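Undergrad: predicted model, plus sequence, below.
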Amino acid sequence: MPSRLRFGDDDFLRCRFALSPIWETQEAVRTLKRPDRHGYHVPWLRRIRDAAAELDLTPLWLLMPRRGHSPDWLGPPPIGPAATFEEEIAAVRASDPEAAREDTARSLACTPGALESALGRAWLADPARMVRELADAMEEAWRVLVEPDWHRLRGLLEADVAYHSRRLAEVGLGTLLPELDRRLSWDGRTLTLALGIEYVRDLGGQGLVLMPSVFSWPEVITGFEPPWQPTVVYPARGIAGLWTEPGTRTPRRLVRLLGRNRAAVLAALDEPATTTALAHRLALAPSSVSAHLGVLREAGLLTARRYGHQVLYERTPLGMALAAGQPA
């Protein structure tokens, strides 16, 4: 049972990449209840275990059926290419209560007994209160589960967008879309997603948002209903090394050649990253990381390119060979 997104002429002009901290928060909450998603995230799960135990996530989990609809108003498509959590949660708090009520009722119906539960009945009786309570729960989850690591997460997500934006320029949309995930295929007008869910939507001139995600791994997700912009969420590149701690993967020979911190910077660039993201990942001062990046770039081991207001660094072929210990 495939899902299909049908493109019209105007839709090709309105495709974009975006990131969403509120989406990552929602999916982090979902991951806590989904052992099948734990694979790459075990270090994160161990670290946040005690703090997560202090959160009451029951209201959010009630709206996260294993199969079925989650409310679009609570985890909407990104409102911009680089929206902050504060901007996104403000939009959630501004949701129309009656529209949120209808969307929530649809989600509750996907979980046996949820519509008749005390919490479900209270929400549907007072949707304005429901919007406040769920927005508060989402904000608390952000502060505890995601915000402490957002620099690291954002760095990985931005690197994914930079990589796929370059591929879009090189090969075009039709070739790029199947590269995002093996479950996506393209026939010139229709994007087909082999997700085991039957879903058909004409994009209707709204285009498509392509959004990499860390915590949605290993799933590809689509299905936002009108009036929301159609969105495809796919696993970001480089998740396997996301939670690797500083010093655990820097080859000794590289340390002897470049020094510990400079070698760590080069080794950490499995995916393109910003100075800030590297500093956070390696627990080094941004000024120190910036200096190391400059030296590595001058030596021909890195290149730099601008993405929005930030600069992303990535290894050159020589830098890749050196980091891997291969002959250049």
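TA: Perfect, I can see it now.
Undergrad: not counting sequence-adjacent ones, nearest residue to Leu242?
TA: Across the structure, with Cβ to Cβ, 6 or more residues apart in numbering as the measure, the residue nearest Leu242 apart from its sequence neighbours is Leu156 (5.8 Å). Using the backbone N, CA and C atoms, a C-beta is placed for each residue, glycine as well.
Undergrad: contacts for the host helix or strand of the one you found?
TA: In this structure, Leu156 sits in helix 150-171 according to DSSP states H and E. Surrounding helix 150-171, the residues in contact under the criterion Cβ atoms under 8 Å, 6 or more residues apart in numbering are 17, 19, 21, 24, 85, 146, 175-176, 179-180, 210, 212-214, 236-239, 242, 271-274, 276-278, 280-281, 305, 307, 310, 312, 314.
Undergrad: and for stretch 90-107?
TA: Contacting residues not belonging to stretch 90-107 are listed as 22, 63, 65, 68-74, 76, 79, 115, 123-124, 127-128, 130-132, 134-135, 138 [Cβ under 8 Å, 6+ apart].
Undergrad: quick one: the strands in the stretch 101-250 of the chain?
TA: 184-186, 190-193, 199-202, 209-213, 231-235 (DSSP state E, counting those that start in this stretch).
Undergrad: low-confidence ranges in the stretch 151-300 of the chain?
TA: Where the stretch 151-300 of the chain drops to pLDDT under 70, the residues are 245-251.
Undergrad: which of the residues in the helix holding Leu156 are buried?
TA: Neighbour-count burial for helix 150-171, counted by 16 or more other Cβ atoms under 10 Å, picks out 150, 152-164, 168.
Undergrad: mind listing the helices for the stretch 51-200 of the chain?
TA: In the stretch 51-200 of the chain, the segments counted as helices under DSSP state H, counting those that start in this stretch are 58-61, 85-93, 97-108, 118-125, 127-141, 150-171, 173-180.
Undergrad: ditto for the stretch 201-328 of the chain
TA: Going by DSSP H, counting those that start in this stretch, the stretch 201-328 of the chain shows helices at 252-258, 260-268, 275-282, 286-298, 317-324.
Undergrad: quick one: which of those helices is nearest Phe12?
TA: In this view, the helices of the stretch 201-328 of the chain are compared for proximity to Phe12 by Cβ to Cβ, and helix 275-282 is the closest at 31.6 Å.
Undergrad: hmm, Ala264 is touching Ala283, no?
TA: No - using Cβ atoms under 8 Å, Ala264 and Ala283 do not qualify as a contacting pair, with a distance of 9.7 Å.
Undergrad: just want to know which of those two has more residues nearby.
TA: The residue with the greater number of neighbours, taking Ala264 and Ala283 and applying other Cβ atoms under 10 Å, is Ala264; the counts read 24 against 10.
Undergrad: neighbouring contacts of stretch 224-239?
TA: Residues external to stretch 224-239 that are found in contact with it (Cβ under 8 Å, 6+ apart): 5, 23, 40, 72, 76-78, 156-157, 159-160, 163, 180-181, 184, 191, 193, 201, 203, 206-214, 216-222, 270-271.
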